[in-house]
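Engineer: here is the input, now give the coordinates:
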Amino acid sequence: MIKAGGRHLIVDYWGVDPSKLISCEDVDRVFRESATSAGATVLSSHFHHFGDGCGITGVVILSESHMSIHTWPEKNYCAIDVFMCGTCDPRDTLKALDLFFESSYSKVDFIERGEQ
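Structural biologist: Numbering: from 1, shown residues only. Got it, this is the predicted structure:
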């Protein structure tokens with residue numbers, strides 16, 4: 001078996017307070033905090049807000065790969081991807097993410113990437 005790549009976490013949060021799904025600054029802060037808690041190095045970030053009452057999309061670029069988010073405040077939902085390589089484990093981001101989003105329901109999928 002050839003193993004390369006990294007680990008990919010796919011997170012869906014439902015039942016999130018819409019106010020937590022519209023602030024680029026707050027999501028940037030929690031993404032940076034959660035990445036650091038997983039031992040990752042943040043290189044940059046970019047977030048975009050789609051207007052009053054609308055959601056955001058954004059990405060945090062890591063030395064170890066990236067984190068991204070898309071939110072739908074009108075549906076109380078967000079989708080997050082965390083991809084990390086090296087010694088970082090994306091599951092270590094969940095504590096900070098769970099505390100911030102306080103969802104009523106979540107689904108987490110973990111995928112090993114690059115296995116052949």
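Engineer: so for the most centrally placed residue in the chain, what's the nearest residue that isn't a sequence neighbour?
Structural biologist: Geometric centre of the chain, nearest residue: Ile80, 4.1 Å, by C-alpha atoms, centre = their mean. Leaving out its chain neighbours, the residue that sits closest to Ile80 by C-beta to C-beta, 6 or more residues apart in numbering is Val11, at 4.2 Å. In this view, the C-beta of every residue, glycine as well, is placed from N, C-alpha and C.
Engineer: now do the strands in the chain.
Structural biologist: When secondary structure is read from DSSP state E, the chain shows strands at 6-14, 42-49, 56-62, 65-72, 77-85, 105-112.
Engineer: nearest to Thr36, out of those?
Structural biologist: Closest to Thr36 of these is strand 42-49 (C-beta to C-beta; 6.9 Å).
Engineer: what pairs with the residue nearest to the centre of the chain across the strands?
Structural biologist: For Ile80, the beta-bridge partners are Val11, Ile69 (DSSP bridges).
Engineer: touching, it and Val60? I think so.
Structural biologist: No. The pair Ile80 / Val60 is not scored as a contact, 10.6 Å apart, by C-beta atoms under 8 Å.
Engineer: what do these two both touch?
Structural biologist: Listed as contacting both Ile80 and Val60 by C-beta atoms under 8 Å, 6 or more residues apart in numbering are 67-68.
Engineer: in this protein, where is pLDDT below threshold?
Structural biologist: Residues of the chain that meet the criterion pLDDT under 70 lie in 1-4, 116.
Engineer: biggest helix in it, by residue count?
Structural biologist: In the chain, assigned by DSSP state H, the helix with the most residues is helix 24-37.
Engineer: who touches it?
Structural biologist: Contact partners of helix 24-37, identified using C-beta under 8 Å, 6+ apart, comprise 20, 41-42, 45, 47-49, 56, 58, 60, 62, 67, 69, 71, 82, 92-97, 100.
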